[in-house]
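# let me see the structure of the following:
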Amino acid sequence: MSNKITVGFVGFGEVNTPRRLIEEKSAETIKAIESLGLAVRSTASVSDDPKGKECRQAVAELKKLDFDLLIACVVGWIPSWAVIRTIEFFKDTPILLLGTTGENHSNRLVTTAAQAGTTALRKVLEEMKFRFKHVVCRLGTSFPAREILSFARAARAIRKLRGSLIGVAGYRDMRLYVTGYDPISLKEKFGVEVEHFDLLELFQLMEKMPEKEVKPWLEYLKKNWIFTRKPKVRTLQETIRLYLALRRKIEERNFAALSYSDVDGLKKLIGLSPAGALTLLHDTVKVCSIPEDDTPGALTQLITFYLTGQVAAYLEFYEFTEKGTLMGVPDYVPKEIVDGRITVMPSSFGQFGEGLVNVSRLKTGRVTLVRLDKLGSEYTCHLVTGTGKSPRPWEEAGWAPPAPQLPGLEIDFDCDPEIFLQNVLGQHYIIAYGDFTQEYRDFSHLLAIRFVKEQSR
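Take a look at the predicted model:
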C-alpha cells in the first residue's frame, strides 16, 4: 500500500460536449487534487456513447489500478446511466462525486452544466447504497480542497483499519464496563480483530531478558530523559525489561494498537508502574497504546492515527470546569505531544511500588477530543473541539509525597460543557491537535456510524 493516499479518477461529460473541453477540465482537476499531496491514477474520460464503449474501457482500466477512493468527476452534463455503469463495479470503494464549474469568457459565463449531472446522481447513489460524498466547486470560490482532503483521509483510514490487530493483555481491568467490546460487530464494521494474551507472557519474557539487552537502554534513558530525582536501579531495570517484553510481543504479532490490564495486572502482579516502559515504547515504536484493557479506546486511537497521522494519545477526565475540563494521565504520554523533553519522576501510588511516572508538559493549542464506542445497537462517534491550555497546579490524591503534577491540559470546549456531559462515552478520550471534525464526520458517514458533534456556544 502506497504511503500516499491514492485516488482513482475518471471524468464524465456528455457526448455532445466538446471532447477537448472534457479532457482539459479533467486535467485541471487532477492537477488541483495532486496539489493536495494525493496520488492520482486516472483513466480516459467517459461520455454517454450509445454503445457504452467508453464506460467499459474505463472500468477495465480502473480494475487494474489500486486506489483508496474513486473520484467520479462530472465536468459537464452527463446522463446518469453512463456514470452508474462505470462506477457500479466499485460500490465497496468510497466514491467522491465531484462537480466542476463553468468559466468566464469575454465577461460571459460559459457553463457545461456539470451540477445538473451531479444533482441528478446524488439521490440515485444514496438509494443504491453507494458509500459516497457529494462535493461541488462553486462559482467565485476556491477549489474545495478541505472537503476533498478530509474525505480522502477517511477513505484511507477505513482501508487501513481492515485487518488491523489490537493486542489486549488481560480483560476488564478493575472490572470496568465501558472498556469492553463486541468482537463480531468490531470485525464487521471496522475489519479490526482483537487478540488477547496473558500477562504471564510478558512476565516470562522479562525474566528471560539477558542483561546485555538491558544495559544499552540504561544509557538511552540517562541521555534522553530528564529525571526529577534519581530512581532505584531496580526501577530502571524492570522498566526496561517490561519495555523490551512489550516491544517483542508487538513486533511478533504485528499489533497496530495495544491495551493492557494496568491496576489489576502489571502494577498488582509485577509491583511496577508500567508508565516508564510505555513512555520508552513510544520513543521507539509507532504503535497506539492505552491502559485498562480499553478496546474502544484503542479502536479510536487507530482511527485517529490513520485519519490524522498523529500519535493519538489518550487523556482522562479529572475535573470539569465552567468552560470545559481538566484532563490528564496518571502514567505516561508519548513524546510527540510533549512540550520539550520527556520528564519522569520516580514515585509510587497507594500500595504499588516505585515506578517512573511521566510528568512532562503537554503541548497546547486547538484540539479535537473523540471516542468511538458501541451504544445500544449502533456505534457512535462522539467529538468535541476546544483549546488546550497549560493547567493550574494540581495533583491526584494518593501519590507518595511530594506528589507529581501529572501531564495534563485544561481544555475550554467550543460547546457548553453540560451538553458534552450528557453524551460522554467513557473516562478516556483520544486527542488530536487541530480541528479534525470533517474527517471524523466523513469517516462516520462512510461506515454508517452515528456522529455526535457538540455545537459551538
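# mind listing the strands for the stretch 151-300 of the chain?
Secondary structure of the stretch 151-300 of the chain (DSSP state E, counting those that start in this stretch): strands at 165-169, 193-197, 226-227, 257-260, 288-291.
# which secondary structure elements does the shortest one sit against?
Judged by 3 or more Cβ pairs under 8 Å, 6 or more residues apart in numbering; DSSP states H and E, strand 226-227 is in contact with strand 343-347. Every C-beta, even on glycine, is put in place using the N, C-alpha and C of the backbone.
# sorry, back to before: let me know which of the strands of the stretch 151-300 of the chain is the nearest to Gln115.
For Gln115, the closest of the strands of the stretch 151-300 of the chain is strand 288-291, at 41.1 Å, according to Cβ to Cβ.
# who does the closest one pair up with?
strand 257-260 (parallel) (DSSP bridges).
# just to revisit the earlier point, nearest to Glu396, of the strands of the stretch 151-300 of the chain?
strand 288-291 (14.7 Å).
# who touches the closest one?
Strand 288-291 is contacted by residues 173, 256-260, 262, 274, 278, 281-282, 297-298, 301-302, 305, 311-312, 314, 331, 428 when judged by Cβ atoms under 8 Å, 6 or more residues apart in numbering.
# could I get the CA-only coordinates of that strand as CSV?
Provided in CSV are the C-alpha atoms of strand 288-291 (Å, rounded to 0.1, in the frame of the first residue of the first chain):
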residue,chain,number,x,y,z
CYS,A,288,-1.1,3.1,19.6
SER,A,289,-1.5,2.3,23.3
ILE,A,290,-4.0,2.8,26.1
PRO,A,291,-4.2,1.3,29.6
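# any weak-confidence spans in the chain?
Confidence mapping of the chain against pLDDT under 70 gives the ranges 1-2, 350-353, 454-457.
# can you name the farthest residue from the center of it?
Here the chain reaches farthest from its C-alpha mean at Ser106, the gap being 47.3 Å by Cα atoms, centre = their mean.
# ok, back up a step: need the strands of the stretch 151-300 of the chain in a markdown table with mean neighbour count, can you?
Formatted as a markdown table, these follow (neighbours: other Cβ atoms under 10 Å):
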| stretch | mean neighbour count |
| --- | --- |
| strand 165-169 | 21 |
| strand 193-197 | 14 |
| strand 226-227 | 14 |
| strand 257-260 | 26 |
| strand 288-291 | 28 |
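# could you provide these in a markdown table, with additional columns for distance to Glu23?
Below are those laid out as a markdown table (distance: least, Cβ to Cβ, whole Å):
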| stretch | distance to Glu23 |
| --- | --- |
| strand 165-169 | 44 |
| strand 193-197 | 45 |
| strand 226-227 | 60 |
| strand 257-260 | 45 |
| strand 288-291 | 44 |
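# how is this structure divided into domains?
Per automatic domain parsing, the structural domains of the chain span 6-161, 165-453.
# mind checking which of the contacts of strand 288-291 are in helices?
Those of those mapping onto helices are Leu278, Leu281, His282, Gly297, Ala298, Gln301, Leu302, Phe305, per DSSP state H.
# just checking, the last one touches Val311?
Think Phe305. Yes - if you go by Cβ atoms under 8 Å, Phe305 and Val311 touch, sitting 7.0 Å apart.
# count of neighbours near the closest residue to Tyr171 other than its chain neighbours?
The shortest distance from Tyr171 to any non-neighbouring residue, by Cβ to Cβ, 6 or more residues apart in numbering, is to Asp293 (5.7 Å). A count of nearby residues for Asp293, using other Cβ atoms under 10 Å, gives 25.
# what sits against Asp293?
Contacts of Asp293 by Cβ under 8 Å, 6+ apart are Val168, Ala169, Gly170, Tyr171, Arg172, Asp173, Leu176, Thr179, Ser259, Tyr260, Ser261.
# what do you get if the cut-off is 6 Å, keeping everything else the same?
For Asp293, the contact set (Cβ atoms under 6 Å, 6 or more residues apart in numbering) comprises Val168, Gly170, Tyr171, Arg172, Asp173, Thr179, Ser259, Ser261.
# now do Thr300
Residues near Thr300 by Cβ under 6 Å, 6+ apart: Arg371, Leu372, Ile430.
# can we see that at 7 Å?
Val370, Arg371, Leu372, Ile430 (Cβ atoms under 7 Å, 6 or more residues apart in numbering).
# next one: Lys91
Phe130.
# returning to what we had before: okay if I get the ones in helices among the contacts of strand 288-291 as CSV plus distance to Pro393?
Converted to CSV, those look like this (distance: Cβ to Cβ, whole Å):
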residue, distance to Pro393
Leu278, 25
Leu281, 29
His282, 26
Gly297, 28
Ala298, 32
Gln301, 29
Leu302, 34
Phe305, 32
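# possible to save those residues as JSON lines with distance to Thr111 and neighbour count?
Shown next, in JSON lines, are the ones in helices among the contacts of strand 288-291 (distance: Cβ to Cβ, whole Å; neighbours: other Cβ atoms under 10 Å):
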{"residue": "Leu278", "distance to Thr111": "58", "neighbour count": "28"}
{"residue": "Leu281", "distance to Thr111": "57", "neighbour count": "21"}
{"residue": "His282", "distance to Thr111": "53", "neighbour count": "22"}
{"residue": "Gly297", "distance to Thr111": "50", "neighbour count": "30"}
{"residue": "Ala298", "distance to Thr111": "49", "neighbour count": "30"}
{"residue": "Gln301", "distance to Thr111": "46", "neighbour count": "31"}
{"residue": "Leu302", "distance to Thr111": "44", "neighbour count": "25"}
{"residue": "Phe305", "distance to Thr111": "42", "neighbour count": "22"}
